[in-house]
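**Student:** Got a predicted model here, sequence first, then my questions.
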Amino acid sequence: MRDPRIQKLAENLVGYSVDVQPGENVLIEMIGSERDLMKAIIEEVSKRGGNSFVQLTDKSVQRTLFTYATVEQMETWAEVDLERMKKMDCYIGIRAGENVNDLSDVPEEKMKLYNSIYNHKVHSQQRVNHTKWVVLRYPNASMAQLANKSTEAFEEFYFDVCNLDYGKMDIAQDPLAELMRRTDKVRITGPGTDLSFSIKGIGAEKCSGQKNIPDGEVYSAPVRNSVNGTIQYNTPTVYNGVSFENVKFTFKDGQIIEATSNDSARLNDILDSDEGARYIGEFAIGFNPYILHPMKDILFDEKIAGSLHFTPGQAYDVTDNGNHSSIHWDLVLIQRPDYGGGEIYFDDVLIRKDGIFVIAELEGLNPDHLK
């Protein structure tokens, strides 16, 4: 008998996140070995009159493929899958890999090849901009280890996070999105951080279960050349299978002019991928009430209650600041007291202190209101 929590998640993904309509084509991509959720999604798509298409990917096989890929091979692969993606109306991506570091020993030039050709054309340009899409992780023992939980405890946490009332969260996000749309100056302060920039005219978008599960953020982007100061991120992060900690950026007129971490050489190599990699493509505020601590999984970490992320690389079309890059690397700063605290100011008005919204119009996004 199928776990009813899986059935509810499938219903939410198909009926709410991508809102499948009769006759629509839905690509369901699974990285990992989970099958029950995929079967439940196929059933739900069929109930709504949609057509399911399936891609199953093994991370260890993908590692070998990346390692030996040529430019010509990557271009052909991207061309073939781009044509398939163009025929899709919806995309549901499920990530359930057993080892977050599976790609850590793939040569850096090969990962850049994948990101600049395949990922950029198929996902960044086509899937993100031309389909209704949602991406999620699926719980397994590996994720439980990263979260420092037992497998059973992590499953309980996972379904609390993924099956919360995202419709309620969507309404609660309206005041923050509206405030960001009329804001000019943003200042972020905290231990090792004093950063200023403008978001004037960029806009803001809500994230309440339509693109990511779990969800819980509102995002914009800085005016490209407006960023000045320093930000000290306090969560570990994984990029192309490699772990980074204590990442710190210093900006001048929008550009990252100094970047340090536990592996500064590799960090700067990533930032030198192209011109846009040293500029910021996204600024977002996170507030999922159930996610409190990082687990090296960005779909969870960027939604941490009391967090923000400030992202080198590609901007989204809906909040386009003109920055283009083959990378989009969400790096997270948690501002709750147990992580050192911090403040966010909009046009010199304090709107969040130590992870809690302090103006009346935004109190609906505090944890007690969202649970």
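**Tutor:** Arrived safely.

**Student:** what's the neighbour count on Val54?
**Tutor:** 12 (other Cβ atoms under 10 Å). Every C-beta, even on glycine, is put in place using the N, C-alpha and C of the backbone.

**Student:** Please name the nearest non-neighbouring residue to it.
**Tutor:** Ile28 (5.3 Å; Cβ to Cβ, 6 or more residues apart in numbering).

**Student:** The one you found: which element?
**Tutor:** Ile28 belongs to strand 25-32 when assigned by DSSP states H and E.

**Student:** Mind giving me the packing neighbours of that strand?
**Tutor:** Secondary-structure packing of strand 25-32 (3 or more Cβ pairs under 8 Å, 6 or more residues apart in numbering; DSSP states H and E): helix 36-47, strand 51-57, helix 59-68, strand 90-96.

**Student:** That one pairs with which strands?
**Tutor:** strand 51-57 (parallel), strand 90-96 (parallel) (DSSP bridges).

**Student:** most neighbours per residue, which of the ones you listed?
**Tutor:** strand 90-96 (a mean of 22; mean count of other Cβ atoms under 10 Å).

**Student:** Export it to CSV, keeping only CA atoms.
**Tutor:** Extracted C-alpha coordinates of strand 90-96, given in CSV (Å, rounded to 0.1, in the frame of the first residue of the first chain):
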residue,chain,number,x,y,z
CYS,A,90,5.3,21.0,-17.7
TYR,A,91,8.4,19.6,-16.0
ILE,A,92,8.7,17.8,-12.7
GLY,A,93,12.2,17.1,-11.6
ILE,A,94,12.8,14.7,-8.7
ARG,A,95,16.3,14.5,-7.2
ALA,A,96,17.0,11.5,-5.0
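
**Student:** so after it, what's the next helix or strand?
**Tutor:** Downstream of strand 90-96, the next assigned helix or strand under DSSP H and E is helix 108-113.

**Student:** I'd like to know which elements that following helix is packed against.
**Tutor:** Using 3+ Cβ pairs under 8 Å, 6+ apart: helix 108-113 touches helix 59-68, helix 264-271.

**Student:** Buried residues in the helix or strand of the chain with the lowest mean pLDDT, which are they?
**Tutor:** Across the helices and strands of the chain, mean confidence by mean pLDDT, DSSP states H and E is lowest for helix 141-146: a mean of 80. Within helix 141-146, the residues that count as buried by 16 or more other Cβ atoms under 10 Å are 142-144, 146.

**Student:** Let me have those in CSV, extended by distance to Pro214.
**Tutor:** Listed next are the buried residues of helix 141-146 as CSV, based on distance: Cβ to Cβ, whole Å:
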residue, distance to Pro214
Ser142, 17
Met143, 12
Ala144, 16
Leu146, 15
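
**Student:** Grab the most central residue of this structure for me.
**Tutor:** When Cα atoms, centre = their mean is applied to the chain, the residue found nearest the centroid is Leu299 (4.8 Å).

**Student:** pretty sure that residue is in a strand, no?
**Tutor:** No: assessed with DSSP: H, G, I helix; E, B strand; the rest coil, Leu299 is helix; it does not lie in a strand.

**Student:** Give me the local confidence score for Met295.
**Tutor:** Met295 carries a pLDDT value of 89.

**Student:** Likewise for Glu75?
**Tutor:** 96.

**Student:** Can you tell me the closest non-neighbouring residue to it?
**Tutor:** Nearest in space to Glu75, with sequence neighbours left out and distances taken as Cβ to Cβ, 6+ apart, is Ile117 at 5.9 Å.

**Student:** is it true that the one you found touches Ala78?
**Tutor:** Yes: between Ile117 and Ala78 there is a contact under Cβ atoms under 8 Å: 5.2 Å.

**Student:** Who are the packing partners of the strand or helix carrying Tyr158?
**Tutor:** For Tyr158, the element it lies in under DSSP H and E is helix 151-162. Under the contact criterion of 3+ Cβ pairs under 8 Å, 6+ apart, helix 151-162 touches helix 4-12, helix 141-146.
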